[in-house]
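Enquirer: only geometry, no sequence info:
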């Protein structure tokens, strides 16, 4: 059985690293980067530099969750907030 988690390579802060994410999180991350007019690498670098614990893949998942919770008007239940230091993109 194929795992739904896919390992992908990305260059952040000048070095190549890999993250293991489900397709849904990867697609959502690309959408967020596009909506903020950032490259995927720049957005991931921002997430990476803001995380205080855990691995990068987990930090990305939490970032995506926080983004869409904010867009839906929901509370940040786990207290992590937006890891990029910028406001979530609003939804009209």
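Expert: It's in. For clarity, every value in this text was computed on a predicted model and none was experimentally measured. Numbers count the residues shown, from 1 in each chain.
Enquirer: How are the strands of this protein distributed by residue range?
Expert: 5-12, 15-22 (DSSP state E).
Enquirer: now the last one, how far from the centre of its chain.
Expert: With C-alpha atoms, centre = their mean, to the nearest Å as the basis, strand 15-22 stands 11 Å off its chain's centre.
Enquirer: contacting residues around that strand?
Expert: The contact list for strand 15-22 (C-beta atoms under 8 Å, 6 or more residues apart in numbering) reads 4-11, 29, 44, 56-57, 60-61. For glycine as for every other residue, the C-beta is placed from the backbone atoms N, C-alpha and C.
Enquirer: which of those residues lies closest to residue 71?
Expert: Of all the contacts of strand 15-22, residue 29 has the smallest distance to residue 71: 14.0 Å, by C-beta to C-beta.
Enquirer: Now do the contacts for the closest one.
Expert: Counting by C-beta under 8 Å, 6+ apart, residue 29 has contacts 21, 40, 43-44, 60, 63-64.
Enquirer: picking that back up, need the contacts of strand 15-22 in a markdown table (columns: distance to residue 68 and pLDDT).
Expert: Converted to a markdown table, the contacts of strand 15-22 look like this (distance: C-beta to C-beta, whole Å; pLDDT from 0 to 100):
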| residue | distance to residue 68 | pLDDT |
| --- | --- | --- |
| 4 | 19 | 86 |
| 5 | 19 | 91 |
| 6 | 20 | 93 |
| 7 | 23 | 95 |
| 8 | 20 | 94 |
| 9 | 25 | 95 |
| 10 | 21 | 94 |
| 11 | 26 | 93 |
| 29 | 11 | 97 |
| 44 | 17 | 96 |
| 56 | 19 | 95 |
| 57 | 17 | 96 |
| 60 | 13 | 97 |
| 61 | 11 | 96 |
